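Peer 1: Based on what follows, work out the 3D shape:
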Amino acid sequence: MNNNKLKSLLNSTRPKTLLVGISPVILGAASAYSSNQLTFNWPIFLLTITCTLLLQAGTNIVNEYFDFITGVDTLERVGPKRSLLSGEIGPKVLRNFYLACFALSFLIGTYLIAHGGTQVAIIGLTSIAIAYCYTGGPLPLSHYCLGELLAFLFFGPVAVIGTVILQNGLIDKNLILVSAIPGFISAALMSLNNLRDIKTDATTNKKTIAILIGEKNARYFTISLGVMPLIICFFIDYTDHLWRFFLILPPLFFIPLWKLILKNKEMADLNTGIANFGKYNVLYCLILSISFLFK
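Peer 2: Residues are numbered from 1 along each chain as shown. Presented below is the predicted three-dimensional model:
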């Protein structure tokens, strides 16, 4: 395989989005570490990160593969360049790549299941199934207005709480609230993605919340999801209330993002907003992780 094809394959994993997937895992690990440093298992943590990266990469590749096969991706697409659509690689190569990612994540997952038990088995197997069925299979879930809900669940509570379960950490009301923060941001990112693609998606059989409620309302919906972490922050219990102040700051840092979503009419420019939501998620998870470690 030449360097150009290898680069195209790596681009199909959407490397800029991968931090969004591992940020909630790091958040869950910080929570578990803070509850009991002596029992924290570093090899399990590293395997969890690796498994999550492979699952997310596989999901991204599956999305590109089936969006191309089903005709969702067309030359009118305004999102980032797709390797299949541009002809840089063929469908068979990309299919083999996502199968390899899922196979490796399954192998690592079997070890994590042996360590974590039934709860981890349910989380792991469900995650692989959803990763494939999101755009694959006879009834792709992304075509039925489920994108935001699935992004919230699997990049929020499932990732955070699943990591804590693997580390035998403490699960309480506070952790559930905290886990919703990356979930809402990931849902906002998905909502913005669907807003960007509203015109091209509307020409296919794909149904999204953006199509259902219309472009104007989809802009407000995206911002509502994005600022939900600010509201959640007021319900989290802190021994040191200084952390509440720090958690109020990220939405203020990203005011240009809210303006972009509300006012920008060029859908291609929303790609910048999607990248910024990734940074927003990482910043929130970083602050929350540090708050756990120093509480």
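Peer 1: quick one: residue 41 from residue 62, how far?
Peer 2: 30 Å (CB to CB, to the nearest Å). Using the backbone N, CA and C atoms, a C-beta is placed for each residue, glycine as well.
Peer 1: Between those two, point out the one with more neighbours.
Peer 2: Legend: neighbour count by other CB atoms under 10 Å for residue 41 and residue 62, higher for residue 62 (26 against 15).
Peer 1: Torsion angles phi and psi at the more buried one?
Peer 2: Backbone torsions for residue 62, taken as degrees, to the nearest 10, come to phi -60, psi -40.
Peer 1: And for the nearest residue to it once chain neighbours are set aside, the neighbour number?
Peer 2: Using CB to CB, 6 or more residues apart in numbering and skipping the chain neighbours, the partner closest in space to residue 62 is residue 98 (4.9 Å). Residues contacting residue 98 under the criterion other CB under 10 Å number 24.
Peer 1: for residue 46, same thing?
Peer 2: Neighbour count for residue 46, taken as other CB under 10 Å: 11.
Peer 1: ok now do it, which residues does it touch?
Peer 2: Not one residue lies near residue 46 by CB atoms under 8 Å, 6 or more residues apart in numbering.
Peer 1: try it again with 10 Å
Peer 2: residue 29 (CB atoms under 10 Å, 6 or more residues apart in numbering).
Peer 1: Now do the SS call for it.
Peer 2: helix (DSSP: H, G, I helix; E, B strand; the rest coil).
Peer 1: so how far is residue 247 from it?
Peer 2: Separation of residue 46 from residue 247 (CB to CB): 28 Å.
Peer 1: Repeat that for residue 138.
Peer 2: 43 Å.
Peer 1: Check residue 176 too.
Peer 2: Counting by CB to CB - residue 176 and residue 247 are separated by 16 Å.
Peer 1: Compare residue 138 and residue 247 (neighbour count), which wins?
Peer 2: Shown here are residue 138 and residue 247; by other CB under 10 Å, residue 247 has more neighbours (22 against 5).
Peer 1: Tell me the first helix or strand C-terminal of the lowest-mean-pLDDT helix or strand in the chain.
Peer 2: Every helix and strand in the chain was compared by mean pLDDT, DSSP states H and E; the lowest is helix 83-86, with a mean of 77. As assigned by DSSP states H and E, the chain's next helix or strand after helix 83-86 is helix 91-116.
Peer 1: in that next one, what's buried?
Peer 2: By 16 or more other CB atoms under 10 Å, the buried positions in helix 91-116 come out as 93-94, 97-98, 101-102, 104-106, 108-109, 112-113, 115-116.
Peer 1: For it, name the packing helices and strands.
Peer 2: On a contact count with 3 or more CB pairs under 10 Å, 6 or more residues apart in numbering; DSSP states H and E, helix 91-116 meets helix 3-12, helix 42-69, helix 83-86, helix 118-133, helix 157-166.
Peer 1: Give me the mean pLDDT for that helix.
Peer 2: In this model, helix 91-116 has a mean pLDDT of 93.
Peer 1: gap between that helix and the chain center?
Peer 2: Its chain's C-alpha centre and that of helix 91-116 lie 18 Å apart, by CA atoms, centre = their mean, to the nearest Å.
Peer 1: got the angle for that helix vs helix 157-166?
Peer 2: 40 degrees (axes from the mean of the first three to the mean of the last three CA atoms, to 10 degrees).
Peer 1: any idea of the angle helix 91-116 forms with helix 3-12?
Peer 2: Calculated by the same axes, to 10 degrees, helix 91-116 forms an angle of 50 degrees with helix 3-12.
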